[in-house]
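S.K.: predicted model, plus sequence, below.
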Amino acid sequence: MSKGRRKFLKQLVSVSGAAGLSGTSALSHAVAGKAQIQDIRLSKNEGYVRLVFDLDKSVQHSIFTLHKPERVVLDLKNASMSHGMVDMVQANSLIKGIRSGIQNGHDLRLVFDLHDQITPRSFLLAPSGKAGHRLVLDLHDPEKKSVKTISNKVPKKKLRDVIIAIDAGHGGRDPGATGRSGTKEKTITLQMAKKLEKVINAQRGMKAVLTRKDDRYLKLRQRIEKAHKHNADMMISIHADSFPDPRARGSSIYALSVNGASSEMARMLAEKENASDQLHGDVSVAFDDKMLKEVLVDLSLTGTIQSSLDVGNEVLKQIGTVNRVHKKKVQQAGFAVLKTPNIPSVLLETAFISNPREEKNLRSSAHQKKVAKAIGRGVNSYFQRKAPPGTWLSEAITDYKVKPGDNLSVIASKFNTSVDSLRARNALQSNNLSAGQVLKIPVS
């Protein structure tokens, strides 16, 4: 990080009320090769939470705080960890959740979402006895409250639904792409969005909100603002692709990239979608100040992008059951509509409207329902693992291991809940169960 950017970052954090960068701990010597986090251990103490990261070698690190919302960011130089390891850390009265992401292709960033402002401290421990290298992070409660694990059995406040913002691409004076039979993209995306809204709202613990409910034009910035206004936990922008060669077909999913597009096609598509505002007389949503843009992207979007890729993979997996997949991996590019800090967001190209066969499918209400249900399954699978604290989908009375002969009706009756609630809480796509399978028993 350049001296100018470091100075600007400190000023930005100071203006928001942060305590500034906490002390940077660094080893006196560099270690070749990536450091691997092997385990994360959490302990709750009087007035603070302690996280111990077990490492296979020493590592350089730094920490700083962010506000509104409250966060602590831990950066580890030339380090990595297994996917999903942060999910092992239990939520408590200080920590809401943890996100991870890769910086500069080789550095690891951990973002701790907090309930209240805290004071972080960190230090390194050398190998001792059977213990190896360790990084210790203490999160101190300024009010020195006793840190207690959040109870899953008796929620202390009313549980909310997870909110999914559904963005029907284009609209009004912006028709989007047009198929050979005259089908307009703006019409298809709105029809698909309304069907997805019904699928989402039929799932307990979820609520859908539409960025547009009719044929109207919205600036890209307005779409982002609507998602934030509704405190969305996820945003899905629906589109229909177009290509000069009518043989091109299949579905694709895109997430935001801040380091260039994952393919030339992804770059071209992002440029086309981003040009919508300019084509219709509106201003681009891009930041004017390059340094400000870089800092905000680094601090606010990195963890969100990792979550967006996670969402995209779940949806892409399900879309493949109802439609050909054009790109087998989630693609990335600089889509302006996906620049939604703290909201995992993906853009779905449902099919190629320029392909006659796919244009016919896109016009079919039955096919639209199949696609909507597939998206819903992907969304459900993601939130079954990553539901925000305080939501119905994040809570469970207990875990139950399925026994031979069990079925959903028997289990639901045993715990005084419903089959639909069991299916929703566990993202079950059918009533089939396997002995040994672990189910989350939802709060009634």
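M.R.: Yep, that arrived. Numbers count the residues shown, from 1 in each chain.
S.K.: stretch 202-214: how far from the chain's middle?
M.R.: Chain-centre distance of stretch 202-214: 17 Å, with C-alpha atoms, centre = their mean, to the nearest Å.
S.K.: stretch 55-75 now?
M.R.: That offset, for stretch 55-75, works out to 19 Å (C-alpha atoms, centre = their mean).
S.K.: list the buried residues of that stretch.
M.R.: Using 16 or more other C-beta atoms under 10 Å as the test for burial, stretch 55-75 gives 55, 57-66, 70-75. For every residue, glycine as well, the C-beta is placed using N, CA and C.
S.K.: could you do stretch 310-326 as well?
M.R.: 310-316, 318-319, 322-323, 325-326.
S.K.: can you give me the end-to-end span of it?
M.R.: Distance across stretch 310-326, first residue to last, is 18 Å (C-alpha to C-alpha, to the nearest Å).
S.K.: cool, stretch 402-422 as well?
M.R.: This stretch, stretch 402-422, spans 13 Å end to end (C-alpha to C-alpha).
S.K.: and for stretch 126-140?
M.R.: 23 Å.
S.K.: so what touches that stretch?
M.R.: By C-beta atoms under 8 Å, 6 or more residues apart in numbering, the residues outside stretch 126-140 that reach it are 35, 38, 47-59, 61, 63, 72, 74, 76, 94-95, 112, 114, 118-125.
S.K.: which of these count as buried?
M.R.: 35, 47-53, 55, 57-59, 61, 63, 72, 74, 76, 94-95, 112, 114, 118, 120-122, 124.
S.K.: my read: residue 196 touches residue 166, true?
M.R.: Yes - Residue 196 is in contact with residue 166 according to C-beta atoms under 8 Å; the separation is 5.5 Å.
S.K.: so what sits against both of those two?
M.R.: 208, 236, 238.
S.K.: what about the stretch 301-444 of the chain, any weak spots by pLDDT?
M.R.: 301-302, 341, 444 (pLDDT under 70).
S.K.: show me where it has helices.
M.R.: 302-319, 356-363, 365-386, 408-414, 419-426 (DSSP state H, counting those that start in this stretch).
S.K.: measure stretch 413-420 end to end?
M.R.: First-to-last residue span, stretch 413-420, C-alpha to C-alpha: 12 Å.
S.K.: no, scratch that, I was asking about stretch 52-67
M.R.: Taking C-alpha to C-alpha, stretch 52-67 runs 24 Å from one end to the other.
S.K.: domain parsing for this protein?
M.R.: What the record gives for the chain is the domain set 3-140, 162-386, 396-441, from automatic domain parsing.
S.K.: just name the most buried of those domains.
M.R.: Of the domains of the chain, the one with the most neighbours on average (mean count of other C-beta atoms under 10 Å) is domain 162-386, at a mean of 19.
S.K.: chain center to it: distance?
M.R.: From the chain centre to the centre of domain 162-386 is a distance of 14 Å (C-alpha atoms, centre = their mean).
S.K.: who does residue 254 bridge with?
M.R.: residue 331, residue 347 (DSSP bridges).
S.K.: could you shift the numbering so residue one becomes 182, and keep it that way?
M.R.: Sure, I'll start counting at 182 from here, so that last one is residue 435.
S.K.: that one contacts residue 512, doesn't it?
M.R.: Yes - counting by C-beta under 8 Å, residue 435 does reach residue 512; the two are 4.9 Å apart.
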